[in-house]
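A.B. asks: take a look and give me a structure for this.
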Amino acid sequence: MARLNVQAAWEHSWFFGFLLRVWEGSIFYRMVMAVVLWVRRVGPDTMTGRIWLSDWPAGAGFADSVIGRVLLGLNRWALRVTGPLSAFMARTWESSLFVRAGAAVMRRVGPVLESSWAVQSVLGYVGDTELAPSENAPPRAVSPFLPMLGAVLGLLALIPSPDPGQGGLNPTILMVLGIWGVAGLWLLQKLMLRDFTWRASSVFLPLTVFLVFAVASALMSVDRGASLQNLLLWFTAALLFFLVVNLVRNSRDVAAFMGPIMAAGVLMALWSVYQVKVPPEVTEAWVDPEMEKGLVRTFAGMNNPNYLALYMELFIPVVVALWIHQPKRRLELTGIMGAMAVALLLTQSRAGWLGLAVAAVAFILLRAARWSFLLVLGAIAVWQVLPESMIDRIRTAFDPTHTSNVYRGSIRIGVLRTVRENWLFGTGLGAKAFSDVYATNMMAAARAAHAHHTFLEMLGETGIFGFAAVVWTLFAALRRTIAAGVERLRSPVPAAVASAIIAVLVHGTAEHIWYNPKILFSFWAVVGLGMGLVLGDKEGAKA
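C.D. replies: Below you'll find the model as predicted:
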């Protein structure tokens, strides 16, 4: 209570009022808020709004439409066909030796596990999560599939990908099997419960349109085998998005999903510190040998510093939102956020640092715009305390003679040639098909596995139609999460998701964010978190 009184006294002070009046009267603030309000207010009755919302008829209008009648008929048919099968499966499952043995074990160890600090941390401190005012829904159990999906994205991400031609565990294969396995169990559960209601997100329509173009791009690819493999990854990412949207209803679900990911984030931070002490042998040149000799860039199990930075950019904003939801666990969550921030800093990724800074700005503008003038003061203060090595690293981003800038500039020339030649249908889905064509257009010594620019890469892979579908999908996700994020009675998670999306898209101007399957899956899972929270506890609804 004392904290709230101090905050109220500060907000009603003369000095705060003076700063606020100056800030809110500035041209910059008005421009920013005009954009935020426009994004929020674009309505479904305008053409622009329909593009943003990917809207289709709702309510009675949808039920009376051809598509609505077809879906309703399929639902009735599924209930009629699966009725006897569902009852048989339910009786068989409940009477099985596996279930009875599991129940006996849980009766003995359940109380111990529930009181264990380690178990609570891995499960995201679900019991200590306070719901937002708009989340006052009837109590319900958190789905066990959420921590399972979190473990797939968190713990399996710790496994480094083997080099081409080498054996060993392949985390991509394990993650694909894990996601489809959880989807199978979830479908089995719905079959036994005869529950065939689905939650439809507005992102689902444009994402489906993109997948249609992705299929066409894979079939017309210059390397069809590689493109079909990449198509499987995209379908897996879309399935993961659909699962998360249907499983996440409130902030407790988010906590359960994030528990294993936060544990993995701490382990990655410890691994990064170890790599600073014992630098690993790498095959890629990630630093300028003349300007940055001796600089160590860490990557933990992500095989590349930029992908570790992207992973942290995606999940740190969500941890910040959970910090708001869990006042009893703020000490632990502060430590987790600090560890993940250290992991990002040790990557020495300039785009990662910029992305996290952009995420912080976006989150404050969405949740506490009145305090946004402190961003300027905070930026000045942070710049004063930054170590000289970090300042030098940031300055190199604007140095045209730095090898990474020269390299990316040379790549852009070959990429633009490739895009110009394949602008209609693209080279084929996946970086492999794109790089095969790029190799015929590249400048000398500018060999690259991808375009090092997400939007150029997608334009080159799938052509103008696939690229338009990607932009449409991202707009739909951002509009919904921004509109929900600025509402004070809602959870801050949608605002965190919008901030994370903006952060990685900023990073995407210097890196292909979806090249690494771990980041591809993580990105669409985070988007699913936001859309699930936008829907709330509604059944068969869309948002």
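
A.B. asks: what segments of the stretch 401-543 of the chain are helices?
C.D. replies: 403-421, 431-438, 454-485, 493-507, 517-535 (DSSP state H, counting those that start in this stretch).

A.B. asks: would you format the ones you listed as JSON lines with mean pLDDT and mean neighbour count included?
C.D. replies: No exception for glycine: its C-beta is placed from N, CA and C like everyone else's. Listed next are those as JSON lines, based on pLDDT from 0 to 100; neighbours: other CB atoms under 10 Å:
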{"stretch": "helix 403-421", "mean pLDDT": "85", "mean neighbour count": "17"}
{"stretch": "helix 431-438", "mean pLDDT": "92", "mean neighbour count": "24"}
{"stretch": "helix 454-485", "mean pLDDT": "92", "mean neighbour count": "23"}
{"stretch": "helix 493-507", "mean pLDDT": "96", "mean neighbour count": "27"}
{"stretch": "helix 517-535", "mean pLDDT": "95", "mean neighbour count": "26"}
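
A.B. asks: closest one to Leu191 among those?
C.D. replies: helix 517-535 (21.7 Å; CB to CB).

A.B. asks: and that closest one, what does it pack onto?
C.D. replies: helix 145-154, helix 171-193, helix 224-247, helix 251-277, helix 305-325, helix 454-485, helix 493-507 (3 or more CB pairs under 8 Å, 6 or more residues apart in numbering; DSSP states H and E).

A.B. asks: which other helices and strands contact the second one?
C.D. replies: This means helix 171-193. Against helix 171-193 (3+ CB pairs under 8 Å, 6+ apart) you get helix 66-94, helix 145-154, helix 224-247, helix 517-535.

A.B. asks: and if you look at the fourth one?
C.D. replies: Using 3+ CB pairs under 8 Å, 6+ apart as the contact criterion, the neighbours of helix 251-277 among helices and strands are helix 117-122, helix 145-154, helix 224-247, helix 305-325, helix 330-346, helix 517-535.

A.B. asks: try it again at 7 Å.
C.D. replies: helix 117-122, helix 145-154, helix 305-325, helix 330-346, helix 517-535 (3 or more CB pairs under 7 Å, 6 or more residues apart in numbering; DSSP states H and E).

A.B. asks: and what of the longest one?
C.D. replies: Based on contacts counted as 3+ CB pairs under 7 Å, 6+ apart, the elements that helix 454-485 packs against are helix 27-41, helix 47-53, helix 204-219, helix 350-367, helix 403-421, helix 431-438, helix 493-507, helix 517-535.

A.B. asks: now those helices as TSV including distance to Glu313?
C.D. replies: Below are the helices and strands packed on helix 454-485 laid out as TSV (distance: least, CB to CB, whole Å):
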stretch	distance to Glu313
helix 27-41	21
helix 47-53	24
helix 204-219	21
helix 350-367	5
helix 403-421	19
helix 431-438	20
helix 493-507	5
helix 517-535	10
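
A.B. asks: for Ala157, which of those helices is the nearest?
C.D. replies: Across these, closest to Ala157 is helix 517-535 (CB to CB), at 4.9 Å.

A.B. asks: got the angle for the closest one vs helix 204-219?
C.D. replies: Angle, helix 517-535 to helix 204-219, by axes from the mean of the first three to the mean of the last three CA atoms, to 10 degrees: 160 degrees.

A.B. asks: using CSV, write out every CA atom in helix 517-535.
C.D. replies: Taking Å, rounded to 0.1, in the frame of the first residue of the first chain, the C-alpha atoms of helix 517-535 are listed here in CSV:
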residue,chain,number,x,y,z
PRO,A,517,13.2,-23.6,-36.5
LYS,A,518,13.6,-22.9,-32.7
ILE,A,519,12.8,-19.3,-33.4
LEU,A,520,10.1,-20.1,-35.9
PHE,A,521,8.2,-22.2,-33.4
SER,A,522,8.8,-19.8,-30.5
PHE,A,523,7.6,-16.8,-32.6
TRP,A,524,4.2,-18.3,-33.5
ALA,A,525,3.8,-19.7,-29.9
VAL,A,526,4.2,-16.2,-28.5
VAL,A,527,1.7,-14.9,-31.1
GLY,A,528,-0.6,-17.6,-30.0
LEU,A,529,-0.3,-16.5,-26.3
GLY,A,530,-1.4,-13.0,-27.3
MET,A,531,-4.3,-14.2,-29.4
GLY,A,532,-5.4,-16.6,-26.7
LEU,A,533,-5.5,-13.9,-24.1
VAL,A,534,-7.4,-11.6,-26.5
LEU,A,535,-10.1,-14.3,-26.7
